[in-house]
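In: Turn this into a structure:
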Amino acid sequence: MTLDQWRRGIGTFLSFTAFGIGGLIIGLVVAPLLHLGMRDPMRRQRLARRLIQRVFRAFIALMKGLGVLDYRLEGRGRLARGGRLILANHPSLIDVVFLLAYTPNADCIVKGRLATNPFTRGPIGVAGYITNRDPQALLEAARDSLARGNSLILFPEGTRTTPGRPIKFRRGGANIALRTGSAITPVLIKCSPTTLTKGEPWYHIPRRKVQMDLHVLDDLPPEPASNQPTSQQARQLTRELSHYFNRELERLHHEPKRTAVA
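Out: Model prediction:
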């Protein structure tokens, strides 16, 4: 590795150490205090989400300050509206950090195993994030969350994107959009060079500093075909969303860099 890679490797180690310690503190200290001092679960969740939002912004600032990455966020104002279903591609482990950091009172659908991970179960539990263990319960929880005015973040691929392959969504996002009538806010995420992809350990440091670009696009209202069963509508919408994301990411790849607010 080059000297710059060693420097960024140390920065990555320090960043993820801080992330793990922060998760443990929230789970072991903050969550019990919130449960003791605040009986209303909705108020407790909102406070916990504000705290996580600030912690994630601090984590992003730490990574940037240590030279691990840089980032741009375009269309940030669109994340501030409530009651939207935010669908994003998933090129890296840390892209959810950016979305939660810049989306007020965000709810999020997470993998069930993260709810048992010692570093993430505390924040997930106290913030009331939705796990994907039970599909039917997930749909009801998503409907309730959106009805309360929360923004709901979901990565429809179900796992991190394999570099060099087209995006292929699962039907979860389309099902939620159709069954709740929620507008879809698409977020295109570009990570260059790729890092923290599926199966890639944190200590595989890219040869140059990572650039994260997040583009929040205009809403896509779900337009169900009235005579089709919901299951068929979901399959069709899933195909359309996959095609839309692949097309827009390809267009983004060939466009000159744009200045964005971060």
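
In: From now on I want contacts and neighbour counts done on CA atoms only, so please keep to that.
Out: Fine.

In: Tell me who's in contact with residue 142.
Out: 130, 152, 176 (Cα atoms under 8 Å, 6 or more residues apart in numbering).

In: okay, the helix or strand where it lies in CSV with CA atoms only?
Out: Per DSSP states H and E, residue 142 falls inside helix 135-147. The C-alpha trace of helix 135-147 is given here as CSV (Å, rounded to 0.1, in the frame of the first residue of the first chain):
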residue,chain,number,x,y,z
PRO,A,135,-42.8,-9.3,5.7
GLN,A,136,-46.5,-8.8,6.8
ALA,A,137,-45.5,-7.0,10.0
LEU,A,138,-43.0,-4.9,8.0
LEU,A,139,-45.8,-3.7,5.7
GLU,A,140,-48.0,-2.7,8.6
ALA,A,141,-45.2,-1.0,10.4
ALA,A,142,-44.3,0.9,7.2
ARG,A,143,-47.9,2.0,6.7
ASP,A,144,-48.1,3.2,10.3
SER,A,145,-44.7,5.0,10.0
LEU,A,146,-45.6,6.9,6.8
ALA,A,147,-49.1,7.8,8.2
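
In: what is the mean pLDDT for the helix or strand just after that helix?
Out: Moving toward the C-terminus from helix 135-147, the next helix or strand (DSSP H and E) is strand 151-154. Computed over strand 151-154, the mean pLDDT rounds to 96.

In: quick one: contacts of strand 151-154?
Out: 81-88, 99, 103-110, 142, 145-146, 173.

In: Buried ones only from the residues you listed, please, as a ChimeraX command.
Out: A single ChimeraX command selects the buried members of the contacts of strand 151-154 (16 or more other Cα atoms under 10 Å):
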select :82,83,84,85,86,87,88,99,103,104,105,106,107,108,109,110,142,145,146,173
